[in-house]
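Chemist: Have a look at this prediction, sequence included:
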Amino acid sequence: MNLEMVMQELEALGKERMKKMYMSNGAHEPLFGVATGAMKPIAKKIRIDQPLAEELYATGNYDAMYFAGIIADPKGMTESDYERWIDAAYFYMLSDYVVAVTLSESDIAQEVSDKWIASGDELRMSAGWSCYCWLLGNRKDVEFSESKISKMLDIVKNTIHDSPERTKSAMNNFVYTVGISYVPLHKKAVETAKEMGVVEMKRENKKNSFLNASESIQKELDRGKLGFKRKYVRC
């Protein structure tokens, strides 16, 4: 399939209700409003196609950019490719659920994420912390440095309340993910979440959100989810 064919199929799958929902979360034109599940049949026909993924991502169409992440070749992308993608990710659903997810399946995921976390840029930071969430929720615990993850918990505890709004959400999710999916630091994550307390996240044109990693961890523990790992990151 080429770019024109994929764009035609995506447009045909668009729903006004989904379009409004995406726009209420920060998406803007152009977009069709395609439910992510509806993309799977097209993805099965294409599988992995990095050149096509690049063409789709470059359209600036939210649905096309999301679909690009599904058919991209994460290990075939360089750091400069990921930098280009994050530059074009204009809101959190792209930074955290397209770029961060794609990056998490690469061999340079931690290296790039570390740079983004230290960048001071809201969506880069958000993508960096989110990438660690995808990594910790999928890869074996032995693939991570316990001392490094421990230091990251300390950073979150000490800076989350003063961090950019979207970054707060990703940092909160990081503590929750460590608490459930990274068993070596489960206890420290639980204590960190308690010390953080409730985190208020301001949202434009919406009511503020109140994030509570401690409650979220406890809910999953009650469900017997300690040690949970996803089989796949991308859909």
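Modeler: Received, thanks. Residues are numbered from 1 along each chain as shown.
Chemist: Any idea how far apart the tips of stretch 140-152 sit?
Modeler: Across stretch 140-152, the terminal residues are separated by 18 Å (CA to CA, to the nearest Å).
Chemist: So what's the residue count around Asp63?
Modeler: 28 (other CB atoms under 10 Å). To be clear about C-beta, it is placed using only N, CA and C from the backbone, and glycine gets the same treatment.
Chemist: May I have the secondary structure class of it?
Modeler: Here Asp63 is recorded as helix under DSSP: H, G, I helix; E, B strand; the rest coil.
Chemist: quick one: contacts for the spatially most central residue of the chain?
Modeler: Nearest to the geometric centre of the chain sits Asp96, at 2.7 Å (CA atoms, centre = their mean). By CB atoms under 8 Å, 6 or more residues apart in numbering, Asp96 lies in contact with 126-127, 130, 166, 170.
Chemist: Which one (most neighbours) among those residues?
Modeler: Going by other CB under 10 Å, Ala127 tops the contacts of Asp96 with 32 neighbours.
Chemist: Can you tell me the element Leu52 falls in?
Modeler: Element membership for Leu52, per DSSP states H and E: helix 50-57.
Chemist: all strands of this structure, in order?
Modeler: Using DSSP state E, the strands found in the chain span residues 199-201, 209-211.
Chemist: Quick one: closest of the ones you listed to Thr177.
Modeler: Set against Thr177 and scored by CB to CB, the strands of the chain come closest in strand 209-211, at 13.2 Å.
Chemist: looking just at contacts, which helices and strands does that closest one meet?
Modeler: The contact analysis (3 or more CB pairs under 8 Å, 6 or more residues apart in numbering; DSSP states H and E) places strand 209-211 against helix 165-181, strand 199-201.
Chemist: pLDDT (mean, whole number) over the first one?
Modeler: If I follow you right, that is helix 165-181. For helix 165-181, mean pLDDT is 98.
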